[in-house]
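Asker: Give the three-dimensional model of this entry:
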Amino acid sequence: MPAILLIEDDPALARSLVSYLNASGYTVLHAEGQTDGLRTFSQQRFDCVLLDVSLRDGNGFAVCTAIRAQSQVPVIFLTASADEAATVAGFEVGADDYIGKPFRPLELLARIKNALRKHSAAPRLLTCQNLRLDPARGIVTKNGQEVFLSALEYRLLLLFLSNPEQLLTRERLADELWTFSGEFVGDNTLNVYIKRLRDKIEDDPQHPQILKTVRGLGYKAVQG
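Answerer: Numbering: from 1, shown residues only. The predicted model follows:
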């Protein structure tokens with residue numbers, strides 16, 4: 001039974017959608033806003049995310065950006081906005097589909113089924129030297145042995161392995177962590193997370209061969 005995360009701050013609409021989708025064969029978990037939604041997403045595996053653009057404690061664009069940094073799960077925006085710019089912005093941050101409110105229930109079901117069908121093929125494995133990252137299962141292995149990472153460590157590694165041999169500036173990394181955690185990430189905090197990640201993935205964390213420092217600029221994942 002496919003699992004859906006509904007991030008919607010309208011209680012009446014949320015209750016209606018949860019009831020309808022449950023009756024249609026889906027397991028639905030409701031989160032009320034950006035913070036609750038990202039926390040819930042990090043704690044459980046979902047097959048699809050239904051995401052309102054306007055949230056009391058943030059916005060759907062930031063949530064979608066954070067989700068895309070760690071997963072390719074289908075994301076469908078729900079919005080009352082008919083603004084073309086908002087629609088384009090949604091696709092630019094990685095949304096799979098966009099449906100305006102009020103929408104017909106059968107149309108929503110059709111869009112969910114279409115998104116799930118498009119994503120039914122397992123995403124490719126991400127590799128770097130002796131590391132393997134499986135985005136479909138959220139599993140990282142080193143020399144065939146599973147490496148257990150925190151949500152933020154996983155997100156950092158996913159970002160690096162999705163952009164091999166590319167410089168990722170400290171500013172971009174800090175912004176990604178800030179968007180995901182909802183808390184400001186300064187230089188010291190970023191240093192801590194980079195060190196923790198290296199401690200888990202490098203053979204010799206004092207002389208890293210995977211996450212290389214580009215002095216004064218940032219870091220990059222080296223393929224070998």
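Asker: For the protein, which residue occupies the most central location?
Answerer: I67 (1.7 Å; Cα atoms, centre = their mean).
Asker: wait, isn't that residue in contact with F46?
Answerer: No. Using Cβ atoms under 8 Å, I67 is not in contact with F46, being 9.3 Å away. C-beta here means a position set from N, CA and C on the backbone, and glycine is covered the same way.
Asker: And the strands in this protein?
Answerer: Applying DSSP state E to the chain gives strands spanning 3-7, 27-31, 48-52, 54-55, 58-59, 75-79, 97-100, 126-128, 131-134, 139-142, 145-147, 168-169, 211-214, 218-221.
Asker: quick one: contacts of the last one?
Answerer: Counting by Cβ atoms under 8 Å, 6 or more residues apart in numbering, strand 218-221 makes contact with 128, 160-161, 163-173, 194, 210-214, all of which sit outside it.
Asker: Walk me through the domains of this protein.
Answerer: 3-118, 126-221 (automatic domain parsing).
Asker: ok, now which ones touch D52?
Answerer: Per Cβ under 8 Å, 6+ apart, neighbours of D52: I7, E8, D9, D10, G60, F77, L78, T79.
Asker: count of neighbours near the closest residue to the fifth one other than its chain neighbours?
Answerer: When you say that, I think you mean G60. Nearest residue to G60 in three dimensions, chain neighbours excluded: V53, at 4.2 Å (Cβ to Cβ, 6 or more residues apart in numbering). As a burial measure, V53 scores 22 neighbours (other Cβ atoms under 10 Å).
Asker: Quick check, V53 in contact with A86.
Answerer: Yes. Look at V53 against A86 with Cβ under 8 Å: they come within range, at 6.5 Å.
Asker: Identify the contacts common to those two.
Answerer: T79.
Asker: the inter-axis angle of the worst-scoring helix or strand of the chain on mean pLDDT versus strand 48-52?
Answerer: The helix or strand of the chain with the poorest confidence is helix 84-92; it has a mean of 76 (mean pLDDT, DSSP states H and E). Going by axes from the mean of the first three to the mean of the last three Cα atoms, to 10 degrees, helix 84-92 is angled at 150 degrees with respect to strand 48-52.
Asker: elements contacting helix 84-92?
Answerer: On a contact count with 3 or more Cβ pairs under 8 Å, 6 or more residues apart in numbering; DSSP states H and E, helix 84-92 meets helix 60-68, strand 75-79, strand 97-100.
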